[in-house]
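Chemist: take this sequence and fold it.
(2 chains)
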Amino acid sequence: MARMRVGVVLLVLMFATAACGMRVSAARLAAARSGQHVSAGAGGGATGGDVGGTAADVAGAAGSSGGAGAGTSTGAATGGTGGGSASNPAAAVPSGGNGGATDVGVTADSITIGNVSTLTGPVPGIFEGAVLGTQAAVAYINSQGGIYGRQLKLIVRDDQFDTGQNRAATIDLIGKTFAFAGSFSLYDDAALDQLKSSNVVDATYSLSENRRALPNNFSVQPGHMGWRLGPLNYFKNKFPDAVTKVGAIYGDVPASVSSYQGWKAAAQSAGYKVVYERGFSPTETDFTADVVRMRQAGVKMVYLTSADVRPTARLAKAMAQQNFTVDAFVSGGVAYDPNFLTLAGPAGNGVYSEQQMAMYDGEDASIPEVKLLDDWSAKVRPGYKPDLFAVFAWGSVRLLADALKAAGPRITRASVNDAIRKLGTYDVHGLLPPANPGTKAPPTCYLLVKVNNGFARYDSPPQGFRCADGGYFQVPGAP
Amino acid sequence: MTTFLAYTIVGIATGCIYALTASGLVVTYTTSGIFNFAHGAIGMLCAFGFWELTVKDGWPQWLALIFILGVAAPLLGFAIDRVLMRHLHGAAVSTQIVVTLGLMVAFIGLASIRWNPAEARVVPEFFLGHHVRLFTINITYHQLTMIAVAALVAGFLRLLFTRTQIGIAMRAVVDDPELAALTGADPDRVRAVSWALGASLAGLAGILLAPLISLDIVLLTLLVINGYAAAMVGRLRSLPMTFAGGLMLGLAETYAIWKLPSGVLTKIRPSIPIIFLFVVLLVLPQAKLRAGRMVSARRAPRVATLGESIAGGVALIALAAVIAPHLSQGDLTLAGQGMVYALIMLSLVLLTGYAGQTSLAQMTFVGIGAFAMGKYFGGGSVWGIVLAAVLAGAVGAVAALPALRLQGLYLALSTLAFAEAMSTLFFKNTSVFGYGGRLAVGRPHLLGVSFEGDRAYFILITAVFSLAGVGVLALRRGKFGRKLVAMKDSPAACATLGIDLTFTKLTVFALSAALAGVAGVFFGGVRGQVGPGDFEMLQSAVLLLLVTISGINSVTGALAGGLTFGLLPKVQQAFKSIRSVVYVLPGLGALGVVRNPNGWTSEFAPLGARIRRRSSRDGGGDDVVGPAPRREPEEVSDPVAVAG
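Modeler: Numbering: from 1, shown residues only, chains lettered A, B, ... in the order given. Now for the predicted structure:
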């Protein structure tokens, strides 16, 4: 599921500046939120955006607390170096040494990684969670002694919602860092050629199809134009009549449209029949007419694949106001967002969220990795609860760290890239369903969340992921 | 029949949203003569204030309503009038547009600082939980309230303006404040009351809309754009017609959902308000479309000579070459983008600064240029630049067709509609920017030289700007340039003298669009790729705002505006803890336009004059420039000769 969260954005982006524009980007985020591939794009202009100075060298470490906000924070380092522990035999410097400065951004006692995220601009802080998640993971790994005697150092850059700034920051960091991890930006494909030619290790959950296609990009949740068949088959078995009378609403911007087309092709392959569909613009305020028409068309299932929290909440309220009930109202991943619960109120009850990650806001704290994520996020910023972007950022750093361990002490970009390719299926220690970052095989497992009395709860399975319902449908010929 | 009635009910409810937002707009325009682009932003602030009082502080709804609409909003309107609007009476339409746009941007920025946009907030509906059923449709009491309020506001205001002394005085002050004063009215007081009333109406709309669409800073601010069409039905004067226009718009949108097939519906539905606006602008009788004011130049312009402009251009290129090696990667990108923005603003100098034609579609032409280069030449060919200029120029000429019969505010709104239509129908079409909505635009190879590197590219953009600046100044000095200025000063006089206004307008629109198209090539090149969101109408508005702040009638102003725009992110970096500072600053900068419509660069004009005088003692030049004028944008000499 992926790319979820982020409400707002809409037009803003317009100023783009100005960045701004907001429209496209908003829906791009929505598409992202739905968990589908989102190709690059759109977005309003930017405010220009500087790169250089936002950087903050961060050496997260054990017991760090501190950490300031948005992207510039530093985790107060205390953690020990070297040493290692019983649980982390790869922490200590091996007897023959670790090779010292084996590649760009590597020294005998540190590995520098970069993160380029959107932190300011038309929608300030939209990807702040990505930086906090990255900082939390870096701090945790350093608290475990680091990797072969090296601590992770983090440099964060803010692209200010601007293509040019993302490009400049990425190129700049390619020359300073060993790897990228945890970045989130709508313009993360601005320096594709440089990323590819440098062979930098790119553990980034990219919102751009072009970056995801790079041989050295490794996502903890790869995706292609298409959709997971598991939830489609699940609903088909549960509501065989309803899937032949589906109403679909999606954001009418290129990225969301692409996402919707992927879903529609997959749904049709599974026997779904869409009897009403419409793309909406960001300034639409009322879906009552859609509700009337869906009722006329006999719609029994409503599927929103690329809609953000606010329009989804508005549609839910319009349906409730008109007493229009369906067998299933499925919302991509929106229903797990606390903002949706706030905005939709009682109208949100019964809405499904099909998602591909554990319930990271505490419900799945019995999963050790979820607890680690929550605990270390709170250490980086007291009181902070991780969001979707924090989850992927955390997972990306964990993927990188596991590959660094697997590659051995004398690391090069090439050796770590190879190590990731050889990892096979990877699930971030239970935080995400298994996928294969090396072969870019998307995950097929998922879980269903359903809103009940104002709270998002497991619907199926009772815990963990459903994995046997179907594979992944990739649109033929699509990237 | 029941189905028809059901959709009709829904359409009326939607239409009342437009009617309510448009009514406040019309009231402000009717009573102040200023089309207030910040109207939605005022409503947004009031809605957030209402939330703050009711949800956060626990005030009763009725008490908060009275406080916001009876105290806070009128005070805000009063303050806006005192600080800004009363100084705009008689100002050029472009100045009025820019100042209200600046206010809107500033309000958005301030609201973002006060209220985190990522946080969800809910304003409860009035009479929550109550509804009535009409023709199979459940209508909430809140929606009924909106319908009733919209109708009552239209009726009440009509009575106010036609039957009461203060209402008549409000209209009189707009038409002729001096004459109104002779009849005993106090223009200042009347204007203050008008703005207080307008702000209250904006607040009323914001508070009623917030429960339906949630508290969203941008959405609440920009929703009013859809109401422009309704306002135009009433020709910005008639409130009952505005109300009717809102209903027509709401019904059109709803019936579209009812009757159109899904594929067509998705394409057409978002464009309905803009198509509506465009049609209304074209259908209304020309004689009644006189919203703009004639602006007369107060002195003959002094334009840099060919020698001065070439020297300035060479100096600028040399300066770029000197500083480029010392800039970081990020700063080079910023500087490159700044120069591209300067190039785009140069096209506005030609169109708005010289010819007096306001455009809110300049980024559309930039997009056409980027599309031409990226789609057909990838970026490497000089022919891509030629195609970008030709294609953008042709589209510019098409966009200019309404300009042949429109002027002032109406012309600006027609370009706004054009930009929106292009955004929806062209840029967002997946066949235009391809899969995912991104199009790669490379950097040109010229004369066998590669400009792939950021430093070389920055210098190239600077050179292109300098060349364009020299060209624009040459054009300004020539016969065509004099025609432009004459047309700006008095179209009627031009027609009397036999100047072909149609040809002149079409030509300057096409030239300006072509220049913007060329800028689009470099816009794409400096960013590496472009997408639909880069070319939104509001981006054009922000560019117009920035270049007006720095000086829209000079090449120097374009250069300063572009670089300011490009460097704004640096400001954000310096004030990381202040959210949206990059919006607040330009917004506040617009306040300076009230004091000096020629922009801040004109403040240096006396300095430039002194330098020239000094050099003239040696070389014999003349061209004395007086102090910067206070009021209308007019031709003043540039402080920096280059420049222009």
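
Chemist: interface residues of the stretch 51-200 of chain B facing chain A?
Modeler: B:105, B:108, B:112, B:116-122, B:131, B:136-138, B:140 (CB under 8 Å from any CB of the partner chain). In short, each C-beta sits where N, CA and C put it, glycine included.

Chemist: most surrounded residue in those residues?
Modeler: B:Val105 (33 neighbours; other CB atoms under 10 Å in any protein chain shown).

Chemist: ok, now how distant is it from B:Phe50?
Modeler: 22 Å (CB to CB, to the nearest Å).

Chemist: A:Ala213 now?
Modeler: Taking CB to CB, one finds A:Ala213 at 48 Å from B:Phe50.

Chemist: now swap in A:Ile367 and tell me
Modeler: For A:Ile367, the distance to B:Phe50 - CB to CB - is 43 Å.

Chemist: which one's more surrounded, these two?
Modeler: More crowded of A:Ile367 and B:Phe50, by other CB under 10 Å: B:Phe50, with 26 against 18.

Chemist: could you check how far that one is from B:Leu467?
Modeler: 54 Å.

Chemist: wait, doesn't A:Ala378 sit right on A:Tyr384?
Modeler: Yes: counting by CB atoms under 8 Å, A:Tyr384 is a contact partner of A:Ala378 at 6.1 Å.

Chemist: neighbour-wise, which of these two wins?
Modeler: Neighbours per residue (other CB under 10 Å) separate A:Ala378 from A:Tyr384, with A:Tyr384 holding more: 19 against 15.

Chemist: pLDDT weak spots in the stretch 1-150 of chain A?
Modeler: Residue ranges of the stretch 1-150 of chain A with pLDDT under 70: A:1-89, A:122-124.

Chemist: look at A:Thr107 and say how many residues are nearby.
Modeler: A:Thr107, neighbours per other CB under 10 Å, totals 15.

Chemist: and the end-to-end length of stretch A:203-215?
Modeler: End-to-end distance for stretch A:203-215: 11 Å, by CA to CA, to the nearest Å.

Chemist: quick check: buried residues in that stretch?
Modeler: By neighbour count on 16 or more other CB atoms under 10 Å in any protein chain shown, the buried set for stretch A:203-215 is A:203-214.

Chemist: checking my notes, A:Ile111 in a strand, right?
Modeler: Yes: assessed by DSSP: H, G, I helix; E, B strand; the rest coil, A:Ile111 belongs to a strand.

Chemist: contact partners for it?
Modeler: A:105, A:147, A:150-153, A:178-179, A:404, A:411 (CB atoms under 8 Å, 6 or more residues apart in numbering or on different chains).

Chemist: partners of it in the sheet?
Modeler: For A:Ile111, the beta-bridge partners are A:Val106, A:Leu152 (DSSP bridges).

Chemist: and it, how close does it get to chain B?
Modeler: According to CB to the nearest CB, to the nearest Å, A:Ile111 and chain B sit 22 Å apart.

Chemist: which of the buried residues of stretch A:203-215 fall in helices?
Modeler: A:209-212 (DSSP state H).

Chemist: neighbours of B:Ala492, how many?
Modeler: B:Ala492, neighbours per other CB under 10 Å, totals 10.

Chemist: got it, and B:Gly198?
Modeler: 30.

Chemist: any idea whether residue 282 is helix, strand or coil?
Modeler: Unless you meant another one, I'm taking chain A. coil.

Chemist: ok, it touching B:Leu223?
Modeler: No: here A:Pro282 lies out of contact with B:Leu223, judged by CB under 8 Å, at a distance of 10.4 Å.

Chemist: excluding chain neighbours, what is closest to B:Ala244?
Modeler: Nearest residue to B:Ala244, sequence neighbours excluded (CB to CB, 6 or more residues apart in numbering or on different chains): B:Val233, at 6.5 Å.

Chemist: now do the contacts for the one you found.
Modeler: Contacts of B:Val233 by CB under 8 Å, 6+ apart are B:241-242, B:244-245, B:248, B:280.

Chemist: again with B:Ala148
Modeler: Here B:Ala148 is in contact with no residues (criterion: CB under 8 Å, 6+ apart).

Chemist: tell me who's in contact with residue 130.
Modeler: Let's take chain A. A:115, A:117, A:182-184, A:389-390, A:392-393.

Chemist: let me rephrase: I mean chain B.
Modeler: B:His130 neighbours (CB under 8 Å, 6+ apart): B:140-141.

Chemist: state the distance from it to B:His142.
Modeler: 8 Å.

Chemist: can you check B:Ala419 too?
Modeler: From B:Ala419 to B:His142 the distance is 34 Å (CB to CB).

Chemist: do B:Thr136 as well
Modeler: Applying CB to CB to B:Thr136 and B:His142 gives a distance of 19 Å.

Chemist: next: A:Leu399.
Modeler: For A:Leu399, the distance to B:His142 - CB to CB - is 49 Å.

Chemist: the two: which has the busier surroundings?
Modeler: A:Leu399 (25 against 19).

Chemist: if we can go back for a sec, how about the residue nearest to B:Ala244, phi and psi?
Modeler: Phi and psi for B:Val233, reported as degrees, to the nearest 10, are phi -60, psi -40.

Chemist: contacts only, for A:Thr102.
Modeler: A:Thr102 touches A:410-412, counting by CB under 8 Å, 6+ apart.

Chemist: quick one: the helices in chain A, in order.
Modeler: A:23-33, A:128-143, A:163-174, A:192-198, A:209-212, A:229-238, A:254-269, A:288-296, A:309-321, A:338-344, A:368-380, A:388-407, A:413-423.

Chemist: pretty sure A:Asp188 is touching A:Asn115, no?
Modeler: No: judged on CB under 8 Å, A:Asp188 makes no contact with A:Asn115 at a distance of 11.0 Å.

Chemist: so those two - more neighbours on which side?
Modeler: A:Asn115 (33 against 30).

Chemist: now the more buried one: how far from A:Phe180?
Modeler: Distance from A:Asn115 to A:Phe180, by CB to CB: 7 Å.

Chemist: so how far is stretch B:481-499 off the chain centroid?
Modeler: When distances are taken as CA atoms, centre = their mean, to the nearest Å, stretch B:481-499 is centred 25 Å away from the chain's centroid.

Chemist: what separates the first and last residues of that stretch, distance-wise?
Modeler: Start-to-end, stretch B:481-499 (CA to CA) is 13 Å.

Chemist: mean confidence for it?
Modeler: Mean per-residue pLDDT for stretch B:481-499: 80.

Chemist: around chain B, pick out the residues from the stretch 151-300 of chain A.
Modeler: A:158, A:160, A:162-165, A:167-169, A:171-172, A:189-191, A:208-210, A:252-255, A:257-258, A:276-286, A:288-290, A:292-293, A:296.

Chemist: and those, which of them are buried?
Modeler: A:158, A:160, A:162-165, A:167-169, A:171-172, A:189-191, A:208-210, A:252-255, A:257-258, A:276-286, A:288-290, A:292-293.

Chemist: how many residues are close by the nearest residue to A:Ala358 once chain neighbours are set aside?
Modeler: Leaving aside its sequence neighbours, A:Ala358 sits nearest to A:Asp364 (CB to CB, 6+ apart; 4.2 Å). Neighbourhood size, A:Asp364 [other CB under 10 Å]: 21.

Chemist: quick check, pLDDT for A:Asp364.
Modeler: pLDDT, A:Asp364: 86.

Chemist: residue contacts, it?
Modeler: A:358, A:370, A:463.

Chemist: now do it against B:Ala558, distance only.
Modeler: 56 Å.

Chemist: and for A:Ile141?
Modeler: 50 Å.

Chemist: circling back to that earlier point, and the gap between the residue nearest to A:Ala358 and B:Phe37?
Modeler: 48 Å.

Chemist: with B:Ile274 instead?
Modeler: 16 Å.

Chemist: looking at the two, which is more packed in?
Modeler: B:Phe37 (29 against 24).
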